[in-house]
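Peer 1: give me a model of this one.
(chains A and B)
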Amino acid sequence: MSPMPKRLLEVRNLRIHAGPLEVVREVDLELRQGETLGIIGESGSGKTITSLALLRLLPEGLRAEADALVWRDRDLTSLSDRDFRPWRGREMAMVFQDPVGSFNPAKSIGWHLRTALERRGLRGAWKPEAEQLLDSVGIPNPAAVLDRYPHQLSGGMLQRALIAMVVALEPGLIVADEPTTNLDNIVEQQILSLFRDLRKRLSAAFVFITHDIGIAGQISDRIAVMYAGEIVEQGPAAEMLAAPRHPYTRGLIATARALAARADQLAEIPGHLPGPGQRPSGCVFRPRCAQARPGCEAPQPLRDIAPGRQMRCLLDA
Amino acid sequence: MPDALLDLQDLGVQFPDRNRPGGVLKAVDGVSLSVAPGEILGLVGESGSGKTTLGKTLLRLYEPAAGKILLQGKDITHLDEAALRPHRRAMQMVFQDPLSSFNPRQTIHTAIATPLLLHGLCSKAELPARIAAILAEVGLPADFAPRYPHQMSGGQLQRAAIGRSLALEPQLIVADEAVSKLDVSVRAQILNLLRRLQAERNLAMVFITHDLHVARFLCHRIAVMHFGKLLELGPTEQIFENPTHDYTRALIGTLHDLPA
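Peer 2: Predicted structure coming up:
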């Protein structure tokens, strides 16, 4: 048996507050070198703000706390925002859904790549490496693209350029938040295969955030499912898809399978997601759960159900 | 096709090309297709393929530059607004974002009542019962009528939007990415609803989507659009199992089922 890859990231009991409201609670995550963690969730599940909290990019009004946030044996919770700044980009970098916002519209693609390479410590001739980076993310004619401006590239090409910029920094953690959601199907698959290629090439760990369980299944080693601000189930991707345990995960997968099988009727999860102020006490999925029973009104801890597998439900407890 | 509910013949739509002064962009270029009563026709393609423009043009929300639109055999391509009104009843639209398709200051009651009264389909006294029946058909309790759009979830509001489109008892609904913005756990509810309405009301639909899983689930036939042109049109199974065009093959190739 090969040795377990080194643990890069450990998050314990991450909470995010919006004023008095707790919008994300009790998030525990772990990530090893070379590993991709897929975080699945619907709008309002807290998947995006969880990842923003890791990079200390939370918007005004949101506040994160954690018992521990350990990156390569160093607990970052004690770092001030100012002291954290050098870590962002160099150690942890993010690819957003909309790449446009990550570029300065008045600067060329070459300027962005040069800035990233200099930040990494490169001095002197930057163009050969910048061209090589663009080539490695599948951008044709890289020398010409260095002179282009962000608005002159298509959405798919700009997303590739952003990925090249992130790769230039050689971070240990790359967080990608719905990086293919705004792209057309064919380009989406191209970007997904680029991510698969990067996983093999780089020693970085990845967090891949998506609402699409099929995409998470294609790209992740492990999957965490978030619902209404909590992780409700997490574990190895193949196991989670083959044998989901939490009723919410089971509902999502049953729907996806019925859709693919062109069933006469899709498995439905009744009701809708609770808004941030409307979370029920106890199990947050309880009002929509066909298997709710006495006991569900009590808070559910995330408990171990198999090696590397956890869920927040009292079924089979 | 004599029995067609909707028949598009060589339809073309043009817009001025911003990048070439005096030039035109052929958003829809020579599209011919028909929709039978009760049929769900999927319009798939990537952004910029012209699928939304085609949907809006067949509803006469855009002026066609060429070709004909026949609704129940009647040429409506160039009818003026007054002459078009009786035909508008037969065709309704459901949009991607239900929140922006409602007036935020109007209750759901008002939103559904307005077209009913405008078309003289219902007296004021009959309104509450009629609206309750419409809401029930789309799976909403009658006590949702006095609510405002912001007081409802995305799925509830999309149900209301579908209800409003049904109020005029149309024969055809153009649904433009009608489930794309909904949460995954809510999307199945709306897809089941659309399928049930098609079966119970023999409702025809032009279902515009970029989601091939959804298209395969819901549609009887699929039309593939690319750069304004209709590339391929056929029964859903045939398009997915035996696509003839390279582009369709590439598009279908992006479809990934969950590993078993």
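Peer 1: gap between B:Lys26 and A:Ala106?
Peer 2: 34 Å (Cβ to Cβ, to the nearest Å). For the C-beta atoms, the positions are set from N, CA and C on the backbone; glycine is no exception.
Peer 1: residues in contact with the worst-scoring helix or strand of chain A on mean pLDDT?
Peer 2: Least confident element among the helices and strands of chain A, by mean pLDDT, DSSP states H and E: helix A:87-90 (a mean of 89). Here helix A:87-90 makes contact (Cβ atoms under 8 Å, 6 or more residues apart in numbering or on different chains) with A:Leu55, A:Arg56, A:Leu57, A:Trp71, A:Leu76, A:Leu79, A:Ala116, A:Arg119, A:Arg120, A:Leu169, A:Glu170, A:Pro171.
Peer 1: buried ones from the residues you listed, can you make that a ChimeraX selection?
Peer 2: Selection command for ChimeraX covering only the buried members of these, criterion 16 or more other Cβ atoms under 10 Å in any protein chain shown:
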select /A:55,56,71,76,79,116,169,170,171
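Peer 1: want to throw the contacts of helix A:87-90 into JSON lines with secondary structure, pLDDT and distance to A:Ser102?
Peer 2: Listed next are the contacts of helix A:87-90 as JSON lines, based on DSSP: H, G, I helix; E, B strand; the rest coil; pLDDT from 0 to 100; distance: Cβ to Cβ, whole Å:
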{"residue": "A:Leu55", "secondary structure": "coil", "pLDDT": "94", "distance to A:Ser102": "13"}
{"residue": "A:Arg56", "secondary structure": "coil", "pLDDT": "94", "distance to A:Ser102": "16"}
{"residue": "A:Leu57", "secondary structure": "coil", "pLDDT": "94", "distance to A:Ser102": "12"}
{"residue": "A:Trp71", "secondary structure": "strand", "pLDDT": "93", "distance to A:Ser102": "22"}
{"residue": "A:Leu76", "secondary structure": "helix", "pLDDT": "92", "distance to A:Ser102": "23"}
{"residue": "A:Leu79", "secondary structure": "coil", "pLDDT": "91", "distance to A:Ser102": "23"}
{"residue": "A:Ala116", "secondary structure": "helix", "pLDDT": "95", "distance to A:Ser102": "11"}
{"residue": "A:Arg119", "secondary structure": "helix", "pLDDT": "92", "distance to A:Ser102": "14"}
{"residue": "A:Arg120", "secondary structure": "coil", "pLDDT": "91", "distance to A:Ser102": "17"}
{"residue": "A:Leu169", "secondary structure": "coil", "pLDDT": "93", "distance to A:Ser102": "12"}
{"residue": "A:Glu170", "secondary structure": "coil", "pLDDT": "92", "distance to A:Ser102": "17"}
{"residue": "A:Pro171", "secondary structure": "coil", "pLDDT": "94", "distance to A:Ser102": "14"}
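Peer 1: how about the lengthiest helix in chain A: buried residues?
Peer 2: In chain A, taking DSSP state H as the definition, the longest helix is helix A:185-201. Using 16+ other Cβ under 10 Å as the test for burial, helix A:185-201 gives A:Asn185, A:Val187, A:Glu188, A:Gln189, A:Gln190, A:Ile191, A:Leu192, A:Leu194, A:Phe195, A:Leu198, A:Arg199.
Peer 1: so the first one touches B:Gly45, yeah?
Peer 2: No. A:Asn185 lies out of contact with B:Gly45 (Cβ atoms under 8 Å); the separation is 9.6 Å.
Peer 1: common neighbours of the two, please.
Peer 2: Joint contacts of A:Asn185 and B:Gly45 (Cβ under 8 Å, 6+ apart) are B:His210, B:Leu251.
Peer 1: residues from the stretch 51-200 of chain B in reach of chain A?
Peer 2: Residues of the stretch 51-200 of chain B lying close to chain A by Cβ under 8 Å from any Cβ of the partner chain are B:153-156, B:183-189, B:191-192, B:195.
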